[in-house]
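Asks: Using only what follows, build the 3D model:
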Amino acid sequence: MARFFPLLAVLIWAANTVVSKAAASVLDPAAISFYRWLVALLVLSPFMWRPLRAQWPAIRPLLPRFATLALLGMVAYQCLAYYAAHLTSATNMGVICALIPLLGLLLNAVVFRQRISAAAATGVAVSLAGVLYLLGAGNPLTLLAGGVNAGDALMLLGSTSYALYGILFKRWAPPFGQWLNLYVQVGLAVLMLIPVAASAQSMAIPPAGVPLVLFAGIASSILAAYFWMRGIQTLGSERTAIFMNLLPLFTALLASVALGETIHGYHWLGGGLILLGVSLSQGAIRFTLRQKQHI
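Replies: Okay, here's the model as predicted:
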């Protein structure tokens, strides 16, 4: 039963990737970026306003950190994903999202000078081969001539932003509980997205866009977060993180059914190499952690 919590969270996030692609033909990306977090803020406020007021003296000094987290994880990542959806497929978006754990490993090495083991480095190399194969649609040499698809590049940049978010959130570990931490970030994200919303060609939500906004604001932003936190509580963070490897598979299947996207051979091979590399790196990290615990 405990495994269903992270499984449901990943399934919702995969569906949200498909929703992001579907929204590209219905809503301005700046509009859905703003409305998503506004809906989440309105839903959470009746439950979190009093805890926020009670903890405000302790939260206030940490607002710069919360603002950084909101900028990386909610503003940059989600905005880039919605803009990427106009230029690439949901299947590609899901596969690139699978790189987030690997990007976190690389950022830890480059920014925070953490050493990468030989096994983890092998995982990085395997995943990089998968990325090049995927972005080159089965022929990586075409990247030299035509470059990377702009949508894939935006998704890769957004995934890097979210990887940095994960690193900083773990390092700073705000001490107010998951829900209040989420609520503060959502509130700040809404404020930051006001200028983005002002740049939208239209903020109108057509009838077809209402369920997309509600799914993004409630299911993806709140329900999935709840299921993921329950997964961490019952299985632990390391075992829960493994479920993220299912994201590209779920996304590809949902995109095939809901959007009629074709899953090509290079999706399977490139995505498989990426997941293999991520698994190798995660296995190396878990082995290192166990060794440290026995020292």
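Asks: What are the boundaries of the helices in the stretch 1-150 of the chain?
Replies: With helices called from DSSP state H, counting those that start in this stretch, the stretch 1-150 of the chain shows them at 4-23, 29-59, 63-70, 77-84, 90-97, 100-111, 118-135, 142-146, 150-172.
Asks: Quickly note the distance from residue 127 to residue 96.
Replies: 11 Å (C-beta to C-beta, to the nearest Å). From N, CA and C alone the C-beta is placed, and that goes for glycine too.
Asks: And the two? Which one has more around it.
Replies: The residue with more neighbours, out of residue 127 and residue 96, is residue 96; 30 against 27, by other C-beta atoms under 10 Å.
Asks: so where's the stretch 151-295 of the chain shaky on pLDDT?
Replies: 236-239, 241, 278, 281-295 (pLDDT under 70).
Asks: all helices for it, in order.
Replies: 178-198, 210-214, 224-235, 237-241, 247-258, 265-294.
Asks: how about TSV for the ones you listed, with mean neighbour count and distance to residue 36 added?
Replies: Below are the helices of the stretch 151-295 of the chain laid out as TSV (neighbours: other C-beta atoms under 10 Å; distance: least, C-beta to C-beta, whole Å):
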stretch	mean neighbour count	distance to residue 36
helix 178-198	19	9
helix 210-214	16	7
helix 224-235	18	12
helix 237-241	16	24
helix 247-258	20	18
helix 265-294	17	26
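Asks: Minimum distance to residue 4: which of these has it?
Replies: Closest approach to residue 4 among the helices of the stretch 151-295 of the chain (C-beta to C-beta): helix 224-235, 8.2 Å.
Asks: tell me what that closest one is packed against?
Replies: helix 4-23, helix 178-198, helix 237-241 (3 or more C-beta pairs under 8 Å, 6 or more residues apart in numbering; DSSP states H and E).
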